[in-house]
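Trainee: Next comes the sequence, and after it the predicted model I'd like to discuss.
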Number of protein chains: 4
Amino acid sequence: MIKAGIIGATGYAGAELVRLLLGHREAEIKWYGSRSYIDEKYASVYGNMFQLVEDHCLDDHIEELAKQADVIFTATPQGFLAGVLTEEILQNARVVDLSADYRLKDVNIYEKWYKIKHKSPQFLEEAVYGLCEINREKVKKARLVANPGCYTTCSILTAYPLVKEGLIDPHTLIVDAKSGTSGAGRGAKLPNLFCEVNENMKAYGVASHRHTPEIEEQLGYAAGEGIIISFTPHLVPMNRGILATAYAALRKIEQKDGTRAYPSCEQVKSVYDKYYGDEYFVRVLDQGTYPETKWVEGSNFVDIGFQIDERTGRIVMMGAIDNLVKGAAGQAVQNMNLMFGFEETEGLRMPPVFP
Amino acid sequence: MIKAGIIGATGYAGAELVRLLLGHREAEIKWYGSRSYIDEKYASVYGNMFQLVEDHCLDDHIEELAKQADVIFTATPQGFLAGVLTEEILQNARVVDLSADYRLKDVNIYEKWYKIKHKSPQFLEEAVYGLCEINREKVKKARLVANPGCYTTCSILTAYPLVKEGLIDPHTLIVDAKSGTSGAGRGAKLPNLFCEVNENMKAYGVASHRHTPEIEEQLGYAAGEGIIISFTPHLVPMNRGILATAYAALRKIEQKDGTRAYPSCEQVKSVYDKYYGDEYFVRVLDQGTYPETKWVEGSNFVDIGFQIDERTGRIVMMGAIDNLVKGAAGQAVQNMNLMFGFEETEGLRMPPVFP
Amino acid sequence: MIKAGIIGATGYAGAELVRLLLGHREAEIKWYGSRSYIDEKYASVYGNMFQLVEDHCLDDHIEELAKQADVIFTATPQGFLAGVLTEEILQNARVVDLSADYRLKDVNIYEKWYKIKHKSPQFLEEAVYGLCEINREKVKKARLVANPGCYTTCSILTAYPLVKEGLIDPHTLIVDAKSGTSGAGRGAKLPNLFCEVNENMKAYGVASHRHTPEIEEQLGYAAGEGIIISFTPHLVPMNRGILATAYAALRKIEQKDGTRAYPSCEQVKSVYDKYYGDEYFVRVLDQGTYPETKWVEGSNFVDIGFQIDERTGRIVMMGAIDNLVKGAAGQAVQNMNLMFGFEETEGLRMPPVFP
Amino acid sequence: MIKAGIIGATGYAGAELVRLLLGHREAEIKWYGSRSYIDEKYASVYGNMFQLVEDHCLDDHIEELAKQADVIFTATPQGFLAGVLTEEILQNARVVDLSADYRLKDVNIYEKWYKIKHKSPQFLEEAVYGLCEINREKVKKARLVANPGCYTTCSILTAYPLVKEGLIDPHTLIVDAKSGTSGAGRGAKLPNLFCEVNENMKAYGVASHRHTPEIEEQLGYAAGEGIIISFTPHLVPMNRGILATAYAALRKIEQKDGTRAYPSCEQVKSVYDKYYGDEYFVRVLDQGTYPETKWVEGSNFVDIGFQIDERTGRIVMMGAIDNLVKGAAGQAVQNMNLMFGFEETEGLRMPPVFP
């Protein structure tokens, strides 16, 4: 039984970590960090945890926490971990950072998109980008894991095999993503009020959302070259769920008879299966079936479907996740499982909740 | 590992049984019965179960099922089980009936409220009303358990201790209940369309809802006399959850100094704690805290709160459940656990999902 | 064409006043008061008003406003108007106050329930309680109208005829009310965030909600005696709409043959029709039909239905309104129409929006 | 006062026609046609119309209707009008068809996408595509107007000026559209149940939705050449509203100094203003403001915004409408206004409802 500490335990991602770790057989939470609710009972902040969590909230003294915990999750605003991380902390505990501080290898790109100074770029090289299905082996040995963003997890996994195998032209990639409102956090802001979000839909951060360079970096590794994509997030009146609809031009590939032609449905499917056939958490749907966010709600699954459009020569790839699970806390636990040699699905096998 | 069969596995309650039993360590599903989807893949009916359930749907041949299974769940329309149940079936398998067929001891009341002829009243006496917290010992020995209705579970548990201890006048009891739409089932009916339910609220079945006599019978046992109550259900634009707001006149009780006075908050709380203090699934909230349906969503918990209104001499009791869990499938699993000697919380310990 | 000014034009009730007055043929808005958004374009605060309102927000200098406007609407927090109202203002302009400052005749009750000192009780006697259907003639002559609360409008109109005619015992009245979230205002508060409200339902302000004494006062006038009632508000995941479900014991009334008996459906219906048969905005539904909030959304209608429960001797009365229209801005415009001799339905004839 | 008849008055689009025509000063409804509800009171099908519409539903005998009415609206399934339309009908009454029967000039494309035989292609040439802002003059003289689809209205108007002026390469156009559920109609189908739609999001009809050729035809006229686009509709858990997010590669245009460069924000804005500056119902938002569906709800407005993405050389165009108003009934009334010489905005000036 390892000891886990959470800094930022009262945000939605932190609360989801609590929910998942309560069902984990190898880890127990020893530190519910929350700057806003210090000394308050955790269950008074999240009524669902009444009688399940008796602890009070603690501060965010990460150095002290590192001495008491085996693993630290930071579900904190951008810049927090970069501002406090030290070699000593990493020698005492492993860290899974749910913020963006160590996701981008190029500090200039980080500072340009996040508009803050990075205070500990010396850890950037060591940090492992914790997209488990792609970086599994690196994660196992990591001290510091940069847990991917919610949009990025969904977008990258949806397009990755086709980019990697050259079936699509990555420079034509356009990701139109739709997210439930929990992705906006628990801050008391007017645009997130029920009456502003309900019965409403809008795009935001068009051509400027911070998850864009993260997708570009990771899919660039797959493409073997730098790529620039279009990414547009939208706010949807639902609590949880991200649906990414991704468009790209197909590339002709060599066929068995030596000619070059656009890939068939079966060929696309087999490429997806090559990468995800053994992955528990990635479900490549049967042909003609498109993902729905409700089918993954509450679970760590990624559902992926696609449709070839012969008229346009494009393919439409669709991926769905629960933004708080595979898009945040679930993937963080999956990373912890890898780092500590636990079964990768431990604490994460609950089926999706429907309806 | 016992073998379970579900008849009516493709309704919402049946599907929730599937979700819960997939996480149960002592039971496995051997029969996904669904008259509407015979031979279709279960996961094609419920996309959330893709790659988790590989079975196809079977018919509702309960005699055959009884030979193969240790326990049968019937999540079927009223009248189905009463029409097919035999002594032979009960000798082969235990039955948990999620319909109303064996909930009411008086067959006349059943036939009057449900407007159908009861075809096997001979089993009414044997059937145990499966409200676990109240009939635990009887359930343990039962062959046939009548799983309580959703509204009734919530209403009864909310008022039970105060009725039992005489703190309220049961003849003044008014239960105003609000339910999410999954309670209306998965039938393709116009009033349950998204656009008809969303942004809307209404009462229905006023003074005629079938759960009324069920509440009256059970609370009548607690009161030690027959009672008649007002019960009004309402449809709420949410998927899951029941909130019961119950009103009753307080009765003066004898105080330590020999006088009679209305009970204090502390006295009411201590009565609730007397009955529920050791119950895992019933959470009596701290004073001044009222239940919210979201705090129990996806879980088997019942959250109960109350407020004494000194101005009117009434008490307002409030209870919240997830109608598909404690109000249906969760309680059915809890009953199964009791019947087979498993730990009562097995398969049911997942914390509520929030948000 | 009269000139109207709104103080508090950027709250939800104020914004609804703007929407309604834009369609009014006898009034035009000259002052969009909003302390929070002074000098900002009104349409930048409410995007729906883009190209429809070109004005910028002004302060809340009511004395200056009174010189420019014929009518002033105050959609402001409790205590604001009482703190600034003067005889001079009332000589210059008529005032419709959407806050509670002049609704209760007894200043002690106001101060007890609202927990603030009333700063101008000298206007309490003059102020007319603006429930148009009941106080129409008084409103016509009023300088100062206290626009009723949302819950109160719905609750009072639903029960009024039966209380007035003695068909129910007012001391047994219990009102269980459910409201959409716009009733909570546009303040950026955590409990009103989308993820906290959506898929959730709860009671609040149990036995302590400020609309209680307002209902008691008005129904007390109808009863001819002081009454105390139970009132419980609930928060529902929808933008607009209030549904009030009201319970009361029926009283036996004298029948044609001289005996006393409980009133029949027809008798109840005829009492409702006696009071509301000529009212444009009150729709007494056909027997067996219960109101739904969606059927009045966006309109000034009050829909009323009822069900006699012979088993309990109680009647269940149900009323539905749009809390922002008949529960706030619509009734305010209706009051203005009466005060200025316009057609009472002017600006308010739009049918409900469905779905 | 002209007489209007509606065939299909009990679908959502038909009901919206009723709502709008009730507020129209030049037209009155004489025929509520509804095959499913013949002889039933219209207000019993749509409770919001209680006491506003006293009529009963009639059949769909269009020849008889044509003799009684000046204008006929057909809000009927594809193929209905094509199956019954005659020259005699058109001589008796003008027809606005809300179905797709006369939208596509090429009967082969119609039959391919709709998979039904077109039974009266002889009227295709005469029929005017009723996108008022673009075909205003033709509509004025039309006997038969093909009212555009909801997705198409939103998609075409959003991209039209930039296609027409050559600022974007129309062959790169990708429209990712999101619609509220009323677009799916009022049929009692499982996928449209509240519990299936709520808290869920999915794409559907990918690369095969019938509105695709309609967009291609109209934007093809603007481009001056045939074009093929990607169009993907999505279902969103809200009642009303369509948001179209459209992506296209910018084209370099000649600048004042004779060089060619990508258009600036100002240049794009001025092109939009050139086409829509005088249009009452099209609102081109200020730069940096993106449309939200709630800002147009209940109204006939189209809100349009855009964002140039210099990194990719693409532009993101966004448009929002109420699918039942500008996407169906509102545009139908606008067409009627043009056909009969009424003020174009008559009956359509109500501001959007928020929240």
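Mentor: Yep, that arrived.
Trainee: who in chain A is up against chain B?
Mentor: A:12, A:15, A:19, A:22-23, A:46-52, A:182, A:199, A:239-240, A:283, A:285, A:289, A:292, A:294-299, A:303, A:349-355 (CB under 8 Å from any CB of the partner chain). Heads up, the C-betas are built off the backbone N, CA and C, glycines and all.
Trainee: Kindly identify which of those residues also come near chain C.
Mentor: A:12, A:182, A:199, A:239.
Trainee: Quick check on the residues of chain A next to chain B: which are buried?
Mentor: Listed as buried from the residues of chain A next to chain B are A:12, A:15, A:19, A:22-23, A:46-50, A:52, A:182, A:199, A:239-240, A:283, A:285, A:292, A:294-299, A:303, A:350-355; burial here means 16 or more other CB atoms under 10 Å in any protein chain shown.
Trainee: What about the residues of chain A next to chain B, which are in strands?
Mentor: Under the assignment DSSP state E, those contribute A:283, A:303 to strands.
Trainee: what's the nearest residue to the closest residue to chain C within the stretch 251-355 of chain A if we skip its chain neighbours?
Mentor: Proximity of the stretch 251-355 of chain A to chain C (CB to the nearest CB) peaks at A:L324, 10.0 Å away. Nearest residue to A:L324 in three dimensions, chain neighbours excluded: A:E16, at 4.3 Å (CB to CB, 6 or more residues apart in numbering or on different chains).
Trainee: If I look at the one you found, what pLDDT would I see?
Mentor: For A:E16, the pLDDT comes out at 98.
Trainee: Look up how far chain C lies from it.
Mentor: 12 Å (CB to the nearest CB, to the nearest Å).
Trainee: list the contacts for that residue?
Mentor: A:324-325, A:328-330 (CB atoms under 8 Å, 6 or more residues apart in numbering or on different chains).
Trainee: What's the ChimeraX line that selects buried ones from those residues?
Mentor: The following ChimeraX line selects those of the contacts of A:E16 that are buried, judged by 16+ other CB under 10 Å:
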select /A:324,325,328,329,330
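Trainee: Sort out for me which of the contacts of A:E16 are in helices.
Mentor: A:G330 (DSSP state H).
Trainee: ok, the contacts of A:E16 vs chain D, which is closest?
Mentor: Using CB to the nearest CB, the contacts of A:E16 come closest to chain D at A:L324, 13.0 Å.
Trainee: ok, the closest one touching A:A13?
Mentor: Yes - assessed by CB atoms under 8 Å, A:L324 is found in contact with A:A13 at 6.1 Å.
Trainee: So which of the buried ones among the residues of chain A next to chain B are in helices?
Mentor: Using DSSP H, those in helices are A:12, A:15, A:19, A:22.
Trainee: Report the beta-bridge partner residues of A:W31.
Mentor: A:G5 (DSSP bridges).
Trainee: Verify the stated contact: it with A:G14.
Mentor: No - the pair A:W31 / A:G14 is not scored as a contact, 11.2 Å apart, by CB under 8 Å.
Trainee: Mutual contacts of the two, please.
Mentor: If you check A:W31 and A:G14 against CB under 8 Å, 6+ apart, the residues they both contact are A:I6.
Trainee: okay, the two: which has more neighbours?
Mentor: Using other CB atoms under 10 Å in any protein chain shown as the criterion, A:W31 and A:G14 rank with A:G14 on top: 26 against 23.
Trainee: Was I right to think that one contacts A:I6?
Mentor: Yes - the criterion here is CB under 8 Å, and A:G14 meets it with A:I6 at 5.4 Å.
Trainee: Please enumerate the shared neighbours of those two.
Mentor: Common neighbours of A:G14 and A:I6 (CB under 8 Å, 6+ apart) are A:73, A:75.
Trainee: Given the worst-scoring helix or strand of chain A on mean pLDDT, what are its sheet partners and their directions?
Mentor: With mean pLDDT, DSSP states H and E as the measure, the helix or strand of chain A carrying the lowest mean pLDDT is strand A:253-254 (a mean of 91). Under the criterion DSSP bridges, strand A:253-254 sits next to strand A:260-261 (antiparallel) in its sheet.
Trainee: List the neighbours of the strand it pairs with that are in contact with it.
Mentor: So strand A:260-261 is in contact with A:252-255, going by CB under 8 Å, 6+ apart.
Trainee: thought A:Q68 was touching A:W31?
Mentor: Yes - under the criterion of CB under 8 Å, A:Q68 makes contact with A:W31 at 6.7 Å.
Trainee: Common neighbours of those two, please.
Mentor: A:G5.
Trainee: Tell me how far the longest helix seen in chain A lies from the chain's centre.
Mentor: Ranked by residue count and defined by DSSP H, the top helix of chain A is helix A:150-164. Relative to the centre of its chain, helix A:150-164 is centred 11 Å away, using CA atoms, centre = their mean, to the nearest Å.
Trainee: Pull the CA coordinates from stretch A:170-184 and hand them back as CSV.
Mentor: C-alpha atoms of stretch A:170-184 as CSV (Å, rounded to 0.1, in the frame of the first residue of the first chain):
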residue,chain,number,x,y,z
PRO,A,170,-0.8,15.7,-40.8
HIS,A,171,-0.6,19.2,-42.2
THR,A,172,-4.3,19.0,-43.1
LEU,A,173,-5.3,18.0,-39.6
ILE,A,174,-8.2,19.9,-38.1
VAL,A,175,-9.5,19.0,-34.7
ASP,A,176,-12.9,20.3,-33.7
ALA,A,177,-13.4,19.3,-30.0
LYS,A,178,-16.4,19.6,-27.7
SER,A,179,-16.1,19.4,-24.0
GLY,A,180,-18.3,19.2,-21.0
THR,A,181,-18.2,22.0,-18.5
SER,A,182,-16.2,20.3,-15.7
GLY,A,183,-13.2,21.0,-17.9
ALA,A,184,-13.6,24.7,-17.0
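Trainee: Next, the contact list for A:P233, please.
Mentor: So A:P233 contacts A:151, A:177-179, A:203-205, A:209, A:211 (CB under 8 Å, 6+ apart).
Trainee: hmm, try it at 10 Å
Mentor: A:150-151, A:155, A:175-179, A:183, A:202-206, A:209-212, A:242, A:244 (CB atoms under 10 Å, 6 or more residues apart in numbering or on different chains).
Trainee: Buried ones only from those, please, as a PyMOL command.
Mentor: Buried members of these, defined by 16+ other CB under 10 Å, are picked up in PyMOL with:
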select buried, chain A and resi 150+151+155+175+176+177+178+179+183+202+203+205+206+209+210+211+212+242+244
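Trainee: So which of the contacts of A:P233 belong to strands?
Mentor: Per DSSP E, the subset of these in strands is A:175-179, A:202-203, A:242, A:244.
Trainee: Please tabulate those residues in TSV, including the columns pLDDT.
Mentor: Output for the ones in strands among the contacts of A:P233, formatted as TSV (pLDDT from 0 to 100):
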residue	pLDDT
A:V175	98
A:D176	98
A:A177	98
A:K178	98
A:S179	98
A:K202	98
A:A203	98
A:I242	98
A:A244	98
